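Enquirer: Pasting a predicted model and its sequence here:
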Amino acid sequence: MPDDNLPQESGFSGNPESEPTQDLTREELEQARARVAELETLVAQKDEELAKANARIVELEQTVTETSNALSQAVTSYKALVVKSNPGVPEELITGDTIEAINRSLEDAQTLISRVRQGLEAEMAVTKVPAGAPQRAPFDLSALSPREKIQYAIGGKK
């Protein structure tokens, strides 16, 4: 038994204006028009929600861009502060685009400097030269003959 509230299958394509109305009753036609109006209202609501969502996406993208720029400036300032507070570390050794990368490069640079310093200290210990001139000690005359002693005393040469 066909349902009296549903449009007939024969000849109905979904567009009430183009279809023949002789197969539909007036009540069925009104129900179909009411359903179309309801669906059009839902589509309008969804379009409005979509427009709001797109506006929110644009707003969030702008916020992300601003936050990204602020983070970049903060990292640059942090790097400058690290360079300034570590004068014994060459600026070229401190690299990175994030705070973690800057900290890691600072640790690596300090390790390298420590190794170089230890190597230089070891080299200096091996080739230790006393600072300054040697002590002035009187010339040892005990090994000289009397004649050499006299020549030394008058400043003559042998």
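Expert: Structure received. Numbers count the residues shown, from 1 in each chain.

Enquirer: can we go C-alpha only for contacts and neighbour counts from here?
Expert: Fine.

Enquirer: Quick check: next helix or strand after the biggest helix by length in the chain?
Expert: Longest helix in the chain, counting residues (DSSP state H): helix 26-85. Downstream of helix 26-85, the first helix or strand assigned by DSSP states H and E is helix 99-126.

Enquirer: Can you report phi and psi for the residue nearest the centre of the chain?
Expert: With distances taken as Cα atoms, centre = their mean, the residue of the chain nearest its centroid is T98 (3.3 Å). Reported as degrees, to the nearest 10, the phi and psi values for T98 are phi -130, psi 160.

Enquirer: Can you read off the pLDDT for it?
Expert: Taken from the predicted model, the pLDDT recorded for T98 is 93.

Enquirer: Can you list the low-confidence ranges for this protein?
Expert: In the prediction, the chain carries residues with pLDDT under 70 at positions 1-23, 129-130, 156-158.

Enquirer: What's the local residue count around I99?
Expert: Here the count is done by other Cα atoms under 10 Å, and I99 has 16 residues near it.

Enquirer: I'd say it and S77 touch.
Expert: No - applying Cα atoms under 8 Å as the test, I99 and S77 come out as separate, 10.3 Å apart.

Enquirer: how far does the longest helix of the chain sit from the chain's center?
Expert: Helix 26-85 sits 26 Å away from the centroid of its parent chain (Cα atoms, centre = their mean, to the nearest Å).
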